[in-house]
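> take a look and give me a structure for this.
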Amino acid sequence: MNGDARSWWVALRSWWRRDGLVLVVRTFRLTAAAVAAYLVSRALFPRTQPLTGPLTALLVVQATLFSTLRMGVLRVASVVSGVVVAVFVSDAVGLTWWSLGAVIAAALAIGQLLRLREQLLEVPISAMLILGIPAAATARIAETLIGAGVGVLVNVVFPPALRSRSAGEAVEEVAVRTADLLMRAAHELPHRPSREEALRWLQEARDLARYVDAADRAVLDLRDSRRLNPRAIREMDTEPVLRSGLDALERSIVAMRSLFRAMADGLLEERESIEHSPELFGAMGVLLEDLADGLRAYGALVRADAEEGGAASDAALAEALDALRATRAHLTELLIVDAGKSRDHWMLSGSLLADVDRVLRELDLEVRARQREQWRRVAAPRGVLRPLKALAGRSRPLDETILSS
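Numbering: from 1, shown residues only. All right, here's what the predicted structure looks like:
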């Protein structure tokens, strides 16, 4: 197998492990729900071609059992509301241009009152269909109930997988993207980049918010995937683990923005009255590299904590934090020397070192150790013992905000 074929095969296997199996399972669940709804509807209404039931089943089946139940209730409520409005108007005045407009307006108003949201338009659609064929009212309601019931039953019989892995990957992605930015800045700093380049780093740090938002949605999806899911009974609830890790990463990104802001405002601003030694810029570059290593190790640690039997240890993060503290001490000495040139230097130096300290506090291992013990005490009464035994053997605690999530 040549190089191109091998890389293609590796990429295909990676896609299959990450997305392929999930896609196949979801396709099976949707297909099974639609076919089952059709067969049940056909058995109850043998002289018709009941497609409303399969359609409802497709719309109802969601990624989680909780969202499936919610969608089923909304779907049934919208169809029943529309049918009731249409039947009432049809019996009273029949189908005319003004009765059609009245039905649509009334159906939309009822949908707003019932807060049907994404199913709002289903109310006037059902009303319009029944207004033209009043005899189909009973069949449409029955098929909708069948489709919703079958959709919920499919999710109970074939419960969707918990989203722990995807949520862990999303949280780690935040750390990796942040580390990549710091590493790029670290490689450019020894060459004394311009203020415009420092502002570009600042903008890229602000753009990291989209990865934080994506990870936040993934953690919320994980929480929803556990609700009413039989698979969650014997699985550790990793949502607090990931939430605390994501919160720490988000606060670290805020500190990074402040750090780049300080660089852009003074440390890299080219003014004749401000001169910094090449050694200072080299130390700042090493500091950013150590920050990148620390954040990358922290992201991997959070993901490993969230995955049962994770193989990662504290060693990588502890080593990165030790290196970061040593570099910070060296940079402090250099900044004190440079800060004697003007009062502005003292303010800039203090801001830079304060931002580094904020990141060190977010990634502190001792705080994680204390919080892990608290989390174990909370989780153990709920019967989550087997996963905790694996975690107890590793001295990797959780972030200080885990219990408040």
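
> any regions of the stretch 51-200 of the chain where pLDDT drops low?
63 (pLDDT under 70).

> let me see the domain layout of this protein.
Following the assignment in automatic domain parsing, the chain carries domains at 3-157, 164-404.

> got CSV for the ones you listed, with mean neighbour count too?
In short, each C-beta sits where N, CA and C put it, glycine included. Conversion of these to CSV gives the following (neighbours: other CB atoms under 10 Å):
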stretch, mean neighbour count
domain 3-157, 18
domain 164-404, 18
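
> need the contact list for residue 104.
Residues near residue 104 by CB atoms under 8 Å, 6 or more residues apart in numbering: 124, 127, 128.

> quick one: which of those is nearest residue 162?
Minimum distance to residue 162 across these is 37.6 Å, recorded for residue 124 (CB to CB).

> how near is the closest one to residue 116?
In this structure, residue 124 and residue 116 are separated by 11 Å, where distance is defined by CB to CB, to the nearest Å.

> next: residue 52.
Taking CB to CB as the criterion, residue 52 is separated from residue 116 by 17 Å.

> mind checking which of the contacts of residue 104 are in helices?
Among these, the residues falling in helices (DSSP state H) are 124, 127, 128.

> closest one of those to residue 325?
The shortest approach to residue 325 among the ones in helices among the contacts of residue 104 belongs to residue 124, at 64.5 Å (CB to CB).

> surely the closest one meets residue 102?
No: no contact is recorded between residue 124 and residue 102 when judged using CB atoms under 8 Å, the distance being 11.0 Å.

> can you check the pLDDT for residue 207?
Listed pLDDT for residue 207 reads 93.

> ok, back up a step: closest to residue 76 out of the ones in helices among the contacts of residue 104?
The shortest separation between residue 76 and any of those is 14.9 Å, and it belongs to residue 127 (by CB to CB).

> on that earlier part again, for residue 287, state which of the contacts of residue 104 is nearest.
Using CB to CB, residue 124 is the member of the contacts of residue 104 that sits closest to residue 287, with 61.4 Å.

> how about the contacts made by the closest one?
With contact set as CB under 8 Å, 6+ apart, residue 124 has these partners: 82, 103, 104, 107, 108, 111.

> all strands for the chain, in order.
When secondary structure is read from DSSP state E, the chain shows no strands.

> so what's the residue nearest to the spatial centre of it up against?
In the chain, the C-alpha nearest the mean C-alpha coordinate belongs to residue 218, at 2.1 Å (CA atoms, centre = their mean). Residues counted as contacts of residue 218 (CB under 8 Å, 6+ apart) are 163, 166, 167, 169, 170, 171.

> how near is the third one to residue 324?
Distance, residue 167 to residue 324, using CB to CB: 27 Å.

> can you give me the helices for the stretch 201-350 of the chain?
Secondary structure of the stretch 201-350 of the chain (DSSP state H, counting those that start in this stretch): helices located at 209-226, 239-262, 278-306, 315-339, 343-362.

> redo these as a markdown table? Include distance to residue 65.
Below are these laid out as a markdown table (distance: least, CB to CB, whole Å):
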| stretch | distance to residue 65 |
| --- | --- |
| helix 209-226 | 8 |
| helix 239-262 | 16 |
| helix 278-306 | 21 |
| helix 315-339 | 36 |
| helix 343-362 | 35 |
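
> residue 186 is nearest to which of the ones you listed?
Between residue 186 and these, the shortest separation by CB to CB is 3.7 Å, and it involves helix 278-306.

> so, low pLDDT: which residues of the stretch 301-405 of the chain?
In the stretch 301-405 of the chain (pLDDT under 70), the answer is 308-313, 337-350, 368-405.

> and the two most separated of the contacts of residue 124?
That would be 103 and 111, which, of these, are the farthest apart (CB to CB) at 12.2 Å.

> about what we covered before: what is the nearest of the ones in helices among the contacts of residue 104 to residue 361?
Within these, distances to residue 361 taken as CB to CB reach their minimum at residue 124, with 55.3 Å.
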